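# Sequence and predicted structure below; questions after.
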Amino acid sequence: MEIKSLKISFSEEDRAWITDRIDECLATGQLSQGKFVMEFEEELKKYLNVKQAIAVNSGTGAIDLVMKILDVNNKDVLVPTNTFLATAVGVKFSGGNVKLVDIDPKTLSVSLKSLKERVTKNTAGVIIVHIGGIVTPEIEDIREWCDRNGLWLFEDAAHAIGSSFHGKFAGTFGIAGSFSLFATKVITSAEGGAIVTNDDELAEKIKLFRNHGKPKPWDTYHTSLGSNYRMHEITAIIALSQLRKLDKIIQERDRIANMYTEKIKQHLPELELILPEDRSNWYKYTAMLPNEIDREVVKSRLKEKNINLQGEVYGIPLHKQPIAEMLDSYKNFEVADNVCSRHICLPIYQGLTDSEINYVVEELAKVIAELKK
Ligand SMILES: *Cc1c(COP(=O)(O)O)cnc(C)c1O
């Protein structure tokens, strides 16, 4: 038995559905800005209960685009230190100053307390990342604090499509939210992304910028500056198929996650679990190793037993990356330093069997017991 950290699978039925429609596009020649992108946007809007959805070429593109529109030039933007580089680079490439923020050990998200430590008079807004698919229970308080202080809240919800808190979906709490449909995410179109917002005016600006400032997609008539962040039809077909499966996919991940939780509580109580208070899409199943245990040793011992642990969120926080100085010279991240080096993410993907889940927990328990001797 070999257990990978991640497995991407499409059912035979889904593959047939997708290839039929790709064939239709190839036959008609409608490859861009056609009905599938529109359909994907309509269904995403309905699913998330949000006024506007704009399909784009990637999660990175989504962040870049929104930062350009929000005009962060010379402003400070608060960004978690445990995120993917794209969250911070979107700010940087639009001329903003990245201010990295420490995290909450219970949710791995920024906390209100950590945001207050780094806010300045020059701060324009906050980017929150729902790490591993968990929306922090502090989300409403963070939003209110932003409102009171004239700051926007933007959600890089690349991990969290379908996650929610108190009935509201990730991506819909602040001024706008972005998603990634990259190959490793909970739903994927190979590459791709989306922006959602309840602000019609902001949505119009985003749509214009996505397609070279052209109000009519096929007319070369530019009413504003813009660039190319478009999603194409073939991507949209895959995205649409996946979006329609999202609830099923989350249900399946729920089954796996709940089984992990039950088994770990039984056999490995020294593992501290990072669990959601409300609906998570379980992009990751995250746990903290005991302080004295070296993660790299655990990973290599498990690898010998054909269990692959990979894809921490994140193993090296931005302030410890080789590019750290280009983002922010601040270095005081007590929680992130501990959490980033100490957590593991267990394999979670469609089709992971009960016996495989049992095997992972049993072997992990053995490795930890050996290392504690
Ligand atoms: C994946 C990811 C992105 C980038 O999305 P792409 O679609 O790969 O460009 C941005 N932010 C976070 C937190 C991500 O996990």
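Yep, it's here.

# Spell out, range by range, the helices that occur in the stretch 251-373 of the chain.
For the stretch 251-373 of the chain, applying DSSP state H, counting those that start in this stretch gives helices covering 295-304, 324-327, 334-342, 354-372.

# Which neighbouring elements make contact with the longest one?
Where contact means 3 or more C-beta pairs under 8 Å, 6 or more residues apart in numbering; DSSP states H and E, helix 354-372 is packed against helix 233-267, helix 295-304. Where C-beta positions appear, they are placed from N, C-alpha and C, glycine not excepted.

# orientation of that helix relative to helix 233-267 in degrees?
60 degrees (axes from the mean of the first three to the mean of the last three C-alpha atoms, to 10 degrees).

# if you skip the residues just before and after it, what's nearest to the residue in the stretch 1-150 of the chain that the ligand sits nearest to?
Proximity of the stretch 1-150 of the chain to the ligand (C-beta to the nearest ligand atom) peaks at residue 59, 2.5 Å away. By the measure of C-beta to C-beta, 6 or more residues apart in numbering, the closest residue to residue 59 outside its immediate chain neighbours is residue 180, 2.6 Å from it.

# now swap in residue 279 and tell me
residue 164 (4.6 Å).

# Tell me the confidence at the one you found?
We have a pLDDT of 98 for residue 164.

# residue contacts, it?
135, 170, 278-279 (C-beta atoms under 8 Å, 6 or more residues apart in numbering).

# Looking at the residues you listed, which one is closest to the ligand?
Nearest to the ligand among the contacts of residue 164: residue 170, at 11.6 Å, using C-beta to the nearest ligand atom.

# mind checking how far the closest one is from residue 186?
11 Å (C-beta to C-beta, to the nearest Å).

# Touching both of those two, which residues are there?
Listed as contacting both residue 170 and residue 186 by C-beta under 8 Å, 6+ apart are 133, 161-162.

# top of these by neighbour count?
Using other C-beta atoms under 10 Å as the neighbour criterion, residue 161 leads the shared contacts of residue 170 and residue 186 with 30 neighbours.

# show me what contacts it?
Counted by C-beta under 8 Å, 6+ apart, residue 161 has contacts 170-171, 179, 185-187, 246, 281.

# what number of residues lie near residue 169?
22.

# Could you give the number of residues near the nearest residue to it once chain neighbours are set aside?
Counting by C-beta to C-beta, 6+ apart, residue 169 lies nearest to residue 48, which is 4.5 Å off, once chain neighbours are set aside. Using other C-beta under 10 Å, residue 48 has 22 neighbouring residues.

# Could you double-check that residue 48 lies in contact with residue 168?
No. Contact criterion C-beta atoms under 8 Å: residue 48 and residue 168 do not qualify, at 9.2 Å.

# quick one on the thing from earlier: could you say which of the helices of the stretch 251-373 of the chain is packed most deeply?
Ranked by mean neighbour count, these are led by helix 334-342 with a mean of 19 (mean count of other C-beta atoms under 10 Å).

# So what's the gap between it and the chain middle?
Centroid separation for helix 334-342 versus its chain: 19 Å, with C-alpha atoms, centre = their mean, to the nearest Å.

# Could you do stretch 90-102 as well?
Offset of stretch 90-102 from its chain centre (C-alpha atoms, centre = their mean): 18 Å.

# can you tell me the distance between the two ends of that stretch?
Start-to-end span of stretch 90-102 (C-alpha to C-alpha, to the nearest Å) is 19 Å.

# again, but for stretch 303-321
OK, stretch 303-321 end separation, C-alpha to C-alpha: 25 Å.

# Kindly report the residues of the stretch 251-373 of the chain close to the ligand.
Counting by C-beta under 6 Å from any ligand atom, no position of the stretch 251-373 of the chain is adjacent to the ligand.
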